[in-house]
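Trainee: Only the shape, not the letters, is given here:
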């Protein structure tokens with residue numbers, strides 16, 4: 001999972017093209033000869049997709065193995081985060097919202113009249129780019145989900161390891177003194193019912 005670039009732009013009524021206010025890119029996954037062209041493509045994608053995003057809307061646009069997540073606020077401030085396909089969209093939009101809010105707080109409203117590309121310095125954008133490379137550490141909900149997935153995997157491994165030792169679950173049920181005859185019948189009937197149908 002990787003964040004390749006973040007761009008903040010200005011786009012509103014009466015504007016033919018969005019203006020990129022600031023950007024930060026991580027080109028470490030690209031070859032030396034690609035590194036000059038990649039920022040130009042990221043800028044092109046950001047401008048193209050922001051231009052086609054309605055005010056107040058969030059959208060994710062897939063291109064080859066990358067996804068560009070865009071958000072255009074009603075006040076004309078727009079943001080784009082370009083990630084690989086595996087990166088969670090929810091975390092990308094959390095990153096966008098946080099970056100746009102911090103940008104607004106630090107810069108004020110001076111961006112609303114800016115007409116020059118890449119003219120506003122916002123060093124926090126590079127910090128966000130680095131901080132959000134690992135979505136599980138940057139986003140608490142994603143971290144909780146990852147922990148739950150790991151716990152589920154451990155539980156599955158535990159059941160599998162019991163079965164690998166030659167002990168069948170059916171035999172354990174039959175020998176168990178803790179289960180009533182009614183529970184044993186229920187288990188056997190449920191197993192028989194489930195064996196007739198394959199759920200995929």
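Mentor: Received the coordinates, thanks. Predicted model, so just to flag it, every value in this text is computed and none were measured.

Trainee: Residue 134: neighbour count?
Mentor: Counted with other C-beta atoms under 10 Å, the neighbours of residue 134 add up to 15. For the C-beta atoms, the positions are set from N, CA and C on the backbone; glycine is no exception.

Trainee: wait, residue 55
Mentor: Neighbours of residue 55 (other C-beta under 10 Å): 13.

Trainee: same deal with residue 54?
Mentor: 9.

Trainee: likewise residue 118?
Mentor: 12.

Trainee: is it true that residue 88 touches residue 132?
Mentor: No - if you go by C-beta atoms under 8 Å, residue 88 and residue 132 don't touch, sitting 10.5 Å apart.

Trainee: more neighbours, the two?
Mentor: With neighbours defined as other C-beta under 10 Å, residue 88 and residue 132 compare such that residue 132 has more, 25 against 16.

Trainee: what about residue 104, helix or strand, and which?
Mentor: Residue 104 belongs to helix 89-107 when assigned by DSSP states H and E.

Trainee: avg pLDDT for that helix?
Mentor: For helix 89-107, mean pLDDT rounds to 90.

Trainee: Walking through the chain, point out its strands one by one.
Mentor: Under the criterion DSSP state E, strands of the chain are mapped to 3-10, 19-25, 58-63, 66-72, 77-84.

Trainee: Which one, of the ones you listed, ends up nearest to residue 50?
Mentor: strand 77-84 (4.4 Å; C-beta to C-beta).

Trainee: Could you check the angle the closest one makes with strand 19-25?
Mentor: Comparing the axes of strand 77-84 and strand 19-25 via axes from the mean of the first three to the mean of the last three C-alpha atoms, to 10 degrees yields an angle of 30 degrees.

Trainee: what do residue 88 and residue 132 both touch?
Mentor: Residues touching both residue 88 and residue 132 (C-beta atoms under 8 Å, 6 or more residues apart in numbering): none.
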